[in-house]
Structures are given as C-alpha cells and as structure tokens.
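[1] build me a structure from this.
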Amino acid sequence: MLRLRMMSHAAVGLPPPPLHLNVSNFSPSASDSVDMAKPGGAGYKWRLVIAYDGTHYAGWQYQQSPPTIQCIMEKALTRITKVEREDLLLVGAGRTDAGVHAWGQVAHFVTPFNYDSLDTLHAALNGLLPSDIRVREISPAVPEFHARFSARSKIYRYKIYNDTVMDPFLRCYAYHSTYKLNPEAMKEAAKFFVGRHDFSAFANASRNDRAPNPVKNMFRFDVIEKGALLQIEVEGSGFMYRQVRNMVALLIQIGREAIPPGIVPMILASRDRKELAKYSLAASPHGLCLVAVNYIEQHMQLPSGCPPKSLGRSHTISKCKLPCY
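    Residues are numbered from 1 along each chain as shown. Down below sits the predicted model:
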C-alpha cells in the first residue's frame, strides 16, 4: 500500500494543517491495480469544483509570485498525494483574471492510484487550503473528461452596486457606480450580444491564447435588477481574455446614457478592439465571478470501480448521555 507522508512546511510554502487532520495516515486505496511503471499509463482522473475569493490572487493560471489559485491548489495536492505537479496535470476550466472570483470553477487532475473514499481527500484539501479557497466537490471522472475542452458553456455574473453610498459588505464583490444607471437601456443593448458573433472587438490580447477563435455563441445575456444591485449574467460557449469585463464596461456606459444601445452591433461589426476603446475601458475585476461550467453529458458519467463523489463531510451532534434531573 502506498503511504503518504508529510512534507516540510517550508518546502511547499503552505501553513501547517489543523491539529485534528491526520495527513500522515491519509493513503490511497489498498486495492490499487494500476501498473505505475507502465509507460503512457493514463492513471485515474478526478474532477474538482472550486470556489474562491480572488481578491488576493493573480488569477487562476499558474505562477509562483504573486500567488495564483492554480499554484496554491497544486501545492496542496502535491503535499497530500505525493504526486509531482508535472504528473498531476491540473487543468482549470477557465483562466480567471487577477481579482476575479469563482463559485463554480472546475478543474481536473490525475493520480496513478485509485481511492477507496474521496471524503478524506476532500477534508485534507480544505484543511490545507487557505480559507478563501474551498473545494466544494470531488468526483471521479472518465478519461474523456477535460475541464476545459469538455465544456459546453460557462456562466459569468457581474455585480454592480448602483447607489450613492456603497454597501461595505459588497465592496470586494461588486463594482460601485454612483451614476444612476438605466437598466432598460442596458437590457436593450444586451440583446445585441446574444447569438453567434465575432467578438474580436471585445477581447484584449493575451499571451496565453496566441490564436484564439474570436467567434463565440452567447446563449443569454441578462440584466437583473435587485434593488440597488444590478446583476449581469452571461452564458456563452466560451470567452476570450477580458471579454466579459469589456462587454460589461460598454453596458455601464450605455446605462449612464452616454451612448445609445445601438452602438453594440456597430462595435461588433468593426472587429477592432480600438473601436471599443473609444467608448469604454474594461470593468473592474472584483465585480466578476465564474458561476458555473456546463459539460458534455457523456463526459460527466462516473466511471466504474471508483468511489462516489464527495460533497464534504457533515457533522451531527450526538445525544447527551448525561442523566437529566
């Protein structure tokens, strides 16, 4: 049986685990049947659903400094599984930008061994991760599943707090607009984004995507009023670098009635980022959140011979055994 031993705290740059978490006794399945020496062995694939507050991170994509979500996740996974990051092959569904949050980020990683149960792995990960990053779910995945390429659509939400005085409890999660916005004008403009378009005018250049496909399908683009809070929800087949923030920024200008809703199809048709820059800059990242990722149904099936998915352990209070008087 493979036994997973503790690494030194300084080696991985993570805080020590809570005292109640016995990481040294955490081990993969005793019935492991994978030939680890077999060249090209696929191993076992695991799917994660991750939530995080992106305030203090430089986005998802791996880099050591300043820290990113992927970097922190890999350090925790390496420490628990004893699998090197090059072999974990951790991949996220979306490369959220610095300061952007997530409720439903999805990622996958690979191990050369199976697990009897995922509850202990789940508890170990959340025990090591900082409190602003939580693994919501762990499940086994079929070999065909890929966190990025199996995705059918992604849902992003952007929050705008539209009042004179900012709600202090939303200051890290909503953009503050002191200008009174016209939601109806924003809704009218949002309709022009729906459908299949070339979004070249709404994407910043990115070193990560050297030749991105600018043609995306927007399934819906909703502007939802909740008192002083405006929520913009967009679901699309995919998004390019800063595309959502650029679309929202233009809607804010339209909501201020600085430009008419009909400007949207004109900018789309230009396919030129410089054309958008005449009217707006990218909206602040802290108002944006990756809400969910939807996948090809066949790729979401659970493989045979693997443990059930883990949603985290729940605790109950046992009945008091002391006598009552």
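[2] mind checking how far stretch 59-67 is from the chain centre?
    Distance, stretch centre to chain centre, for stretch 59-67: 14 Å (CA atoms, centre = their mean, to the nearest Å).
[3] got the contact list for that stretch?
    Around stretch 59-67, the neighbours that count as contacts under CB atoms under 8 Å, 6 or more residues apart in numbering are 56-58, 68-71, 74, 92, 94-100, 102, 105, 208. Backbone N, C-alpha and C define where each C-beta goes, glycine included.
[4] distance between the ends of that stretch?
    8 Å (CA to CA, to the nearest Å).
[5] same thing with stretch 194-212?
    Using CA to CA, one end of stretch 194-212 lies 20 Å from the other.
[6] same check, this time on stretch 79-97
    Its start and end residues considered, stretch 79-97 measures 26 Å (CA to CA).
[7] if we can go back for a sec, so how do I select the buried members of the contacts of stretch 59-67 in PyMOL?
    Written as a PyMOL command, the selection of buried residues from the contacts of stretch 59-67, which uses 16 or more other CB atoms under 10 Å, is:
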select buried, resi 57+58+68+69+70+71+74+92+94+95+96+97+98+99+100+102+105
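[8] filter the contacts of stretch 59-67 down to the ones in strands?
    Where the contacts of stretch 59-67 overlap with strands, as defined by DSSP state E, the overlap consists of 92, 102, 105.
[9] any idea what the spatially most central residue of the chain is bridged to?
    Nearest to the centroid of the C-alpha atoms of the chain, with distances taken as CA atoms, centre = their mean, sits Gln105, at 2.4 Å. Beta-bridge pairing of Gln105, defined through DSSP bridges, involves Ile50.
[10] give me the pLDDT for it.
    The model reports Gln105 with a pLDDT of 98.
[11] for it, what are its contacts?
    Residues in contact with Gln105 (CB under 8 Å, 6+ apart) are 49-52, 60, 69, 92-94, 96, 290, 293.
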